[in-house]
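Participant: sharing a model that was predicted from the sequence below.
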Amino acid sequence: MDKIKLNAKNYKTSVPIVWCPGCGDFGVLNAMQQAAAELEIPPENLMVVSGIGCSSRIAGYINAFGFNTIHGRALPIASGAKLARPEMTVWAAGGDGDGYSIGTNHFVHTIRRNADITYIVMDNHIYGLTKGQVSPTTPRGDWTKSTPLGNPDRPLNPLALALELGATFIAQGFSGNVKHLRELIVKGTQHKGFSFINVKSPCVTFRGRQEFNVVREHGVYLDENHDPTDWNQAHEVTQWKEKIPLGIIYQVQGVPTLDEIAEDLRRKAQDKQHFESTKDLLEIFR
Ligand SMILES: Cc1ncc(C[n+]2csc(CCOP(=O)(O)OP(=O)(O)O)c2C)c(N)n1
Ligand code: SF4
């Protein structure tokens, strides 16, 4: 039988989309659906796991296995899904509040384990769903509903954090450039290991439409002068103050993934039928 050619429409669902008109997350949804089609992933081989937030609703809007889990917990659940079904493509998605506040611990440990999943964060610098409180990426001094005198905290730099933690694929996209974002998602999905894509995805309701212009004015697309395999160059890019880097910032191949390590342990445990002592059991972890 001829293979059916998939297109972005095959990844749409009938679930009503309740995002505000103009929300940046529409661009991310389009890019994910287009990337799935380009990668020709049959919907039954794709899983989208999210946390809680406006952005996390995305799991319901993509025709695939979907799990809108609990706040900050998309990554451990996505890692578990990948361990159970390594042949599936697993995407985790959510917001900056979900991933960099309550979910920070999972961000750290999923990077450390190099789970072979793609994590797409819709970074709008605010808590949208709960109506406009400060988030870890809100710029210092900005007014929000929970910082009426201005945000007193320095914003978190998720790109620098991921690089320092040893992430094997780090990219940044913009929901206002769906084509570019689609390419990043395709490359992130093809990467063997944890791929992290931070997406500037404006919340038009609680931060305003001008956030699109901020990215258009300050965004710099990385070109052939940037070598993503060079950690020092990547580090420099993550420290930009006035410019916003867009593209693949860092990528390193050949780092063992969580499912490869688990498979190796499984094989070693099966090879060794009996354990004489705890010492024997511990041997397999060496
Ligand atoms: C344990 C827990 N704490 C707090 C909340 C309330 N809550 C829901 S979404 C959210 C933040 C959402 O912000 P973000 O992840 O940036 O997503 P956005 O809505 O901006 O897309 C919070 C604090 C919750 N659902 N569960
Ligand atoms: S509140 Fe903000 S993040 Fe939520 S749907 Fe509306 S524009 Fe998007």
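Facilitator: Nice, I can see it. Ligands and ions are numbered 1, 2, ... in the order given.
Participant: just give me the neighbour total for Ile261.
Facilitator: Under the neighbour criterion other CB atoms under 10 Å, Ile261 is assigned a count of 13. (C-beta placed from N, C-alpha, C; glycine too.)
Participant: just Asn30 next, same as before
Facilitator: A count of nearby residues for Asn30, using other CB under 10 Å, gives 18.
Participant: quick one: average confidence on the host helix or strand of it?
Facilitator: Secondary structure from DSSP states H and E places Asn30 in helix 25-38. Here helix 25-38 scores 98 as its mean pLDDT.
Participant: using CSV, write out every CA atom in that helix.
Facilitator: Taking Å, rounded to 0.1, in the frame of the first residue of the first chain, the C-alpha atoms of helix 25-38 are listed here in CSV:
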residue,chain,number,x,y,z
ASP,A,25,1.3,30.3,21.0
PHE,A,26,-0.7,30.0,17.7
GLY,A,27,2.6,30.3,15.8
VAL,A,28,4.2,27.6,18.0
LEU,A,29,1.2,25.3,17.4
ASN,A,30,1.5,25.8,13.6
ALA,A,31,5.2,25.2,13.7
MET,A,32,4.8,22.0,15.7
GLN,A,33,2.1,20.7,13.3
GLN,A,34,4.2,21.6,10.3
ALA,A,35,7.3,20.0,11.8
ALA,A,36,5.4,16.8,12.6
ALA,A,37,4.3,16.6,8.9
GLU,A,38,7.8,17.4,7.6
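Participant: show me what it packs onto, helices and strands only.
Facilitator: On a contact count with 3 or more CB pairs under 8 Å, 6 or more residues apart in numbering; DSSP states H and E, helix 25-38 meets strand 89-95, strand 118-123, helix 178-190.
Participant: so that helix versus helix 178-190, what angle?
Facilitator: Put simply, helix 25-38 runs at 50 degrees to helix 178-190, going by axes from the mean of the first three to the mean of the last three CA atoms, to 10 degrees.
Participant: wait, does helix 25-38 contact ligand 1?
Facilitator: No. For helix 25-38, no contact with ligand 1 is found by CB under 6 Å from any ligand atom; the gap never falls below 6.8 Å.
Participant: so which elements touch the helix or strand following that helix?
Facilitator: Using DSSP H and E, the helix or strand that directly follows helix 25-38 along the chain is strand 46-50. Judged by 3+ CB pairs under 8 Å, 6+ apart, strand 46-50 is in contact with strand 65-68, helix 74-84, strand 89-95.
Participant: now check the last one, is it near ligand 1?
Facilitator: Yes. Contact check for strand 89-95 against ligand 1, using CB under 6 Å from any ligand atom: residues in range are 94-95.
Participant: circling back to that earlier point, out of the helices and strands packed on strand 46-50, nearest to ligand 2?
Facilitator: Relative to ligand 2, the nearest member of these by CB to the nearest ligand atom is strand 89-95, separated by 7.5 Å.
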